[in-house]
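> Need coordinates for the following:
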Amino acid sequence: MRFEFPKGVKPQTYVLSGTDANGVKASRQVKIAFSDGKFFISGLASKSPEEVYEGTYSGTTASIPSFQIVKDADGERRVTKEIVK
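Sure thing, here's the model as predicted:
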């Protein structure tokens, strides 16, 4: 569970483009930081763009596990069932 980037890593801004869950092409700015085979990304959730999700990467393949605990906009914790389709 992460609500901010880990200490010692500096996120960089990228543009993420793809197709959303409704089949609509979309682009948005995200912040990504890399550390020891893991990456941390914010800007995926349009309702809570400050949430930081943790994933792993190897070569050109990245994975973000489901069921991460994050905060809603009102500060309540919730479990994400699906982050990216």
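
> What lies in contact with the helix or strand that contains Tyr14?
Here Tyr14, judged by DSSP states H and E, is contained in strand 12-19. For strand 12-19, contacts defined as C-beta atoms under 8 Å, 6 or more residues apart in numbering pick out Lys25, Ala26, Ser27, Arg28, Gln29, Val30, Lys31, Ile32, Ala33, Gly43, Leu44. All C-beta atoms are positioned from the backbone trio N, CA, C, and that covers glycine.

> Describe which strands it pairs with in its sheet and in which direction.
Note on strand 12-19: by DSSP bridges, its sheet partners are strand 25-35 (antiparallel).

> ok, and for the partner strand, which residues are buried?
Neighbour-count burial for strand 25-35, counted by 16 or more other C-beta atoms under 10 Å, picks out Val30, Lys31, Ile32, Ala33.

> Can you give me the end-to-end span of stretch 39-46?
End-to-end distance for stretch 39-46, by C-alpha to C-alpha, to the nearest Å: 19 Å.

> I'd like the mean pLDDT over it, please.
Stretch 39-46 carries an average pLDDT of 86.

> before we move on, what about stretch 17-25?
Here the average pLDDT along stretch 17-25 is 85.

> Equivalent analysis for stretch 50-61, please.
Taken as a whole, stretch 50-61 has an average pLDDT of 86.

> circling back to that earlier point, could I get the contacts of strand 12-19 as a markdown table with distance to Ser66?
A markdown table is the format used below for these (distance: C-beta to C-beta, whole Å):
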| residue | distance to Ser66 |
| --- | --- |
| Lys25 | 23 |
| Ala26 | 20 |
| Ser27 | 23 |
| Arg28 | 20 |
| Gln29 | 23 |
| Val30 | 18 |
| Lys31 | 21 |
| Ile32 | 19 |
| Ala33 | 21 |
| Gly43 | 18 |
| Leu44 | 12 |
